[in-house]
Structure formats: C-alpha cells, structure tokens
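In: all I have is the shape, not the residue letters:
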C-alpha cells in the first residue's frame with residue numbers, strides 16, 4: 001500500500017537531487033517563502049512559466065525601486081503610470097533568468113516535481 005508523497009518529502013528529495021547534480025537553490029524568493037512556511041518549490045522544479053513568475057516577483061520590484069530612485073524621483077509622475085516601463089525593463093532579465101534555470105534543469109536531467117518522493121517499484125517489492 002503506497003501513500004502519496006507529501007510536500008516535505010518532495011522538497012527533501014528535490015534538495016537532495018539538486019545537491020547530487022552540483023546545484024544549489026539560492027533564490028531569495030524561495031528562502032523567503034520557506035521562512036514563511038509557504039509550500040514553494042525550488043525554481044528548478046517550477047517549469048518555465050512558474051520560473052518566469054518566480055523571478056518576476058524579485059526582478060520587477062527591484063527594477064521599479066531602482067528606476068524610481070535613479071530616474072523618476074524628482075519628476076511629477078503618477079506611480080501607476082510607471083507600471084508599464086518597469087514591466088518592460090524587468091522583462092528581459094526575468095526571461096533570461098527563467099530560461100537559464102529551466103535549461104539547466106533539463107540539462108542536468110532533474111526529475112519533475114510530481115515524480116519526486118515516490119518510492120521506487122524495487123523498494124516496494126522488497127518490503
């Protein structure tokens with residue numbers, strides 16, 4: 001009788017697989033989510049769309065703050081009108097980081113999130 005793997009089982013398997021592949025999860029968003037006890041996956045296990053959203057959550061606020069402090073602080077501009085330029089400037093680094101993370105996960109042949117933590121058929125037969 002097999003039970004479905006829990007989030008913590010999958011997370012431990014993912015972190016072990018990353019270490020075995022010579023990778024580390026150093027994403028600030030991942031560590032913040034874990035500190036808040038949110039069930040967040042390491043970026044290598046998010047897929048391309050999830051990685052884009054993951055990195056956008058870090059890049060876009062930093063880009064907006066930097067542009068505000070360096071360029072727009074002394075201008076008489078409504079903050080809502082700055083949303084489009086911030087998204088446009090933050091899009092390229094976000095896409096590059098997400099694509100790189102996704103390609104590394106494919107290159108290192110990391111498992112899919114759904115496959116992690118499942119007992120192998122050999123282990124079930126021996127017990």
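Out: Right, received. Where do you want to start? The model shown is predicted, which means the values in this text are computed figures rather than measured ones.

In: nearest residue to residue 72 other than its sequence neighbours?
Out: residue 82 (6.4 Å; CB to CB, 6 or more residues apart in numbering). Every C-beta, even on glycine, is put in place using the N, C-alpha and C of the backbone.

In: that neighbour: what's it in contact with?
Out: 64, 67, 68, 72 (CB atoms under 8 Å, 6 or more residues apart in numbering).

In: tally of neighbours for the first one?
Out: Summarising burial for residue 64: neighbours were counted as other CB atoms under 10 Å, giving 19.

In: give me the pLDDT for it.
Out: We have a pLDDT of 87 for residue 64.

In: confirm for me that it is in contact with residue 86.
Out: Yes. Applying CB atoms under 8 Å, one finds residue 64 in contact with residue 86, separated by 4.2 Å.

In: buried sites along stretch 69-82?
Out: 72, 82 (16 or more other CB atoms under 10 Å).

In: from start to finish, how long is it in a straight line?
Out: 13 Å (CA to CA, to the nearest Å).

In: likewise stretch 103-112?
Out: Note: stretch 103-112 ends 13 Å apart using CA to CA.

In: contact partners of it?
Out: 13, 14, 17, 18, 21, 22, 23, 44, 45.

In: let's see it at 10 Å
Out: Stretch 103-112 has contacts (CB atoms under 10 Å, 6 or more residues apart in numbering) with 10, 13-14, 17-18, 20-23, 42-48, 51, 116-118.

In: next up, the contacts around the residue nearest the centre of the chain.
Out: Geometric centre of the chain, nearest residue: residue 43, 2.7 Å, by CA atoms, centre = their mean. By CB under 10 Å, 6+ apart, residue 43 lies in contact with 25-27, 29-30, 50-51, 54-55, 97-98, 101-102, 104-105.

In: report pLDDT for it.
Out: 94.

In: show me what the helix or strand encompassing residue 50 is packed against.
Out: Following DSSP states H and E, one finds residue 50 within helix 47-67. Counting by 3 or more CB pairs under 10 Å, 6 or more residues apart in numbering; DSSP states H and E, the packing neighbours recorded for helix 47-67 are helix 28-35, helix 83-107.
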